[in-house]
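In: Got a predicted structure plus its sequence, pasted below:
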Amino acid sequence: GYGDSDKPGKTENASNYSKRVMALDQLELMSQLGFERFSIMAHDRGARVAHRLAQDHPDSVLRMVLLDIAPTLAMYEQTNQEFARAYWHWFFLIRPAPLPESLIESDPEGYLRGIMGVRSSGLRPFSEAAMAEYLRCLKLPGAATGICEDYRASAGIDLEHDRADVDAGRKLKCPLLVLCGEQGAVGRCFSPLLEWQSVANDVSGHSLPSGHYIPEEVPELLLDHSLKFLAQRHFARDIRRQAMFPNRKQVIKGATAFASGDPVSRFFPAMTGPDGMTRSSYEYFIQADPVRSLLLAARHYAGACRAA
């Protein structure tokens, strides 16, 4: 229901917005895009969907980075006064319709600023253009319903699914990196790393010098930590198993040269893959090792900027 995404109507148990249903949406989208296995980095509400996706579809998720959350079940079961005051919207939005929806729709800008502006960094991390886009989306028909149903699902059907996993002893199998803002309420009120270790087999993580909005507040640090985690050797190995290009040495050589700032065309000749399609060999490299290709492209861009 966020942004320009679909906004299904209200149901008795908010099942349209269960993280299981939304995770399946994401899985099917990635399949349509040609990715049967992939890694995930997600923040806040999206991180709760990512948790469910990795739990329900363990063979599809290679590695996962979750930002500034503890498991939903732990957060509800361990709620104290400090958390309730900081995350008051968790309890406001799950009230029966139409009260919260009506209040949001009566003053969407007031609601937006009241939610985003009261955290540790206020509204400083957000540009005017970003805030205008948030407001545009919040004013869309069905947006308030979608937000409320998302939270109602988290406090209802999602907890049922989480408890079923705990009772069955099911844990996340993929390597998990947990990053939290040291100025945020989640790190103050809970022990996120310990909580994730109780529901996942392979967990690492730490705090970053930010509040809740890690991507906006410390983007460089986030990229540094997350790309190192995603680029670890067994991730690259798993990705390369799906490689389409027929001559890896040629592509790796070309990619290395590309990183030094040389023109792409000199080092990435056209190649015909096993699917019979002729493409730039760099396209095959991107499919085989997206993390390395991203780093190479970033270096090339930085070199071009210095040259200019």
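Out: Great, that's in hand. Numbering: from 1, shown residues only.

In: And the residue nearest to Gln197 when sequence neighbours are not counted, how close does it get to Tyr213?
Out: Take Gln197 and drop its neighbours on the chain: the residue closest to it by C-beta to C-beta, 6 or more residues apart in numbering is Val203, 4.8 Å away. (Each C-beta comes from the backbone N, C-alpha and C, glycine too.) Counting by C-beta to C-beta, to the nearest Å, the gap from Val203 to Tyr213 is 23 Å.

In: just checking, the residue nearest to Gln197 touches Val178?
Out: Yes: taking C-beta atoms under 8 Å as the definition, Val203 is a contact partner of Val178 at 6.4 Å.

In: which of these two has more neighbours?
Out: Neighbours were counted for Val203 and for Val178 using other C-beta atoms under 10 Å; Val178 has more, 23 against 20.

In: any idea how far the residue nearest to the more buried one when sequence neighbours are not counted lies from Arg20?
Out: For Val178, ignoring the flanking residues on the chain, the nearest one in space by C-beta to C-beta, 6+ apart is Gly205 at 3.3 Å. Using C-beta to C-beta, we find Gly205 at a distance of 25 Å from Arg20.

In: related to what we said a few turns ago, please name the residues that touch the residue nearest to Gln197.
Out: The contact partners of Val203, by C-beta atoms under 8 Å, 6 or more residues apart in numbering, come to 176-178, 193, 196-197.

In: again, only this time at 7 Å
Out: 176, 178, 193, 196-197 (C-beta atoms under 7 Å, 6 or more residues apart in numbering).

In: Specify the beta-bridge partners of it.
Out: Note on Val203: beta-bridge partners Leu176, judged by DSSP bridges.

In: Kindly report the same for Leu67.
Out: His43, Leu179.

In: shouldn't it be in contact with His43?
Out: Yes: if you go by C-beta atoms under 7 Å, Leu67 and His43 touch, sitting 4.0 Å apart.

In: who has more neighbours, these two?
Out: Leu67 (25 against 19).

In: related to what we said a few turns ago, touching both of Leu67 and His43, which residues are there?
Out: Ile214.

In: sorry, back to before: name the residues contacting each of Val203 and Val178.
Out: In contact with both Val203 and Val178: 193, 196, using C-beta under 7 Å, 6+ apart.
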